[in-house]
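Visitor: sequence plus predicted model, see below.
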Amino acid sequence: MRLRLLTVSFALVATAATAAFAASGLKTTMKSWKLDGTAAADMVAGRAAFNEAELRRILQTFVKDSQGFEARIKPSNAEATDLKTRFAKFEADSTAALAVAGQASQAKGRIATVLNNCKSCHDVHAN
């Protein structure tokens, strides 16, 4: 009985920690990422003027922010481990896109990969 109570208590603490993490800036950052992602997609698709400096700023922000989230996530359960892995992939793909940011034709595919990370994470975590 004691072990069961301890297990339930641990699960509640882990859930509370995940909720606190989500409330501590993740939603604000995601809103900013959505705006920046749309701007980047528009640039490489030709719907907006291509601006290498702005594309680099966007991608550098994605890298920096995802590194911060990765550092704050403690893989204490499957959901946290998955989120940490997804932020690491987002960071790596954003870094790869940054390497070709000066070439709109090459950046187009990399930006699509970066934004697919967003969709796949939101599909799984429904937020």
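Guide: Sure, I can see it.
Visitor: all contacts plus neighbour counts: C-alpha atoms, from now on.
Guide: OK.
Visitor: tell me, what residue is most central in this protein?
Guide: Nearest to the mean C-alpha position of the chain, by Cα atoms, centre = their mean, lies F87 at 4.8 Å.
Visitor: in this structure that one contacts R72, no?
Guide: No - checked against Cα atoms under 8 Å, the pair F87 and R72 is beyond contact range at 11.0 Å.
Visitor: who's in contact with the residue nearest to the centre of the chain?
Guide: Applying Cα atoms under 8 Å, 6 or more residues apart in numbering, one finds that F87 lies in contact with S66, Q67, F69, E70.
Visitor: change it to 6 Å
Guide: Counting by Cα atoms under 6 Å, 6 or more residues apart in numbering, F87 makes contact with S66.
Visitor: please identify the helix or strand for it.
Guide: Per DSSP states H and E, F87 falls inside helix 78-99.
Visitor: hmm, who's touching the helix or strand that that helix is followed by?
Guide: Once the chain leaves helix 78-99, the next helix or strand it forms, by DSSP H and E, is helix 104-125. Residues outside helix 104-125 that contact it (Cα under 6 Å, 6+ apart) are V44, D93, S94, A97, V100, A101.
Visitor: contacts for stretch 76-84?
Guide: For stretch 76-84, the external contacting residues (Cα under 6 Å, 6+ apart) are E70, P75.
Visitor: thank you kindly, that will do.
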